[in-house]
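Enquirer: could you work out the structure for the sequence below:
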Amino acid sequence: MPTVQLSARIEKSVKDDLLDICRRTHRSQSYYMEKAFVACLEWEKEYIRKVQEGIDAADRGEMIDDDDPRLDAWIESIGTESELPIPEPIIEPD
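Expert: Below you'll find the model as predicted:
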């Protein structure tokens, strides 16, 4: 796959960390920069996809009222052994 050169300004501490990792692993700065960019872009694409999913669901009237006790119960259960599934939305037609 063809590559292109990219320039970016980063904090000195980030550059120092990058150089340290490169020395320890015998990998190039480009190797780690590309991995970091790819990971960041994948995360951003997934975030944008999920936001659009939420917008589409809201457009269809699929909503959970923030006063719904099921929502509070779900939030309080996150990370516990008895984590609850995400509450199903109540579909409110236009």
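Enquirer: what's the burial count for the residue nearest to G61 when sequence neighbours are not counted?
Expert: Spatially, and ignoring its direct neighbours in sequence, G61 is nearest to E92 (4.6 Å; Cβ to Cβ, 6 or more residues apart in numbering). (C-beta placed from N, C-alpha, C; glycine too.) If you count neighbours by other Cβ atoms under 10 Å, E92 ends up with 10.
Enquirer: and E92, what pLDDT?
Expert: With respect to pLDDT, E92 has a value of 70.
Enquirer: ok, R27 next?
Expert: Taking R27 on its own, its pLDDT is 98.
Enquirer: neighbours of the closest residue to it other than its chain neighbours, how many?
Expert: In space, and not counting its chain neighbours, R27 is closest to I21: 7.5 Å by Cβ to Cβ, 6+ apart. Residue neighbour count, defined by other Cβ under 10 Å, stands at 13 for I21.
Enquirer: can I take it that I21 is in a helix?
Expert: Yes: I21: assigned to a helix according to DSSP: H, G, I helix; E, B strand; the rest coil.
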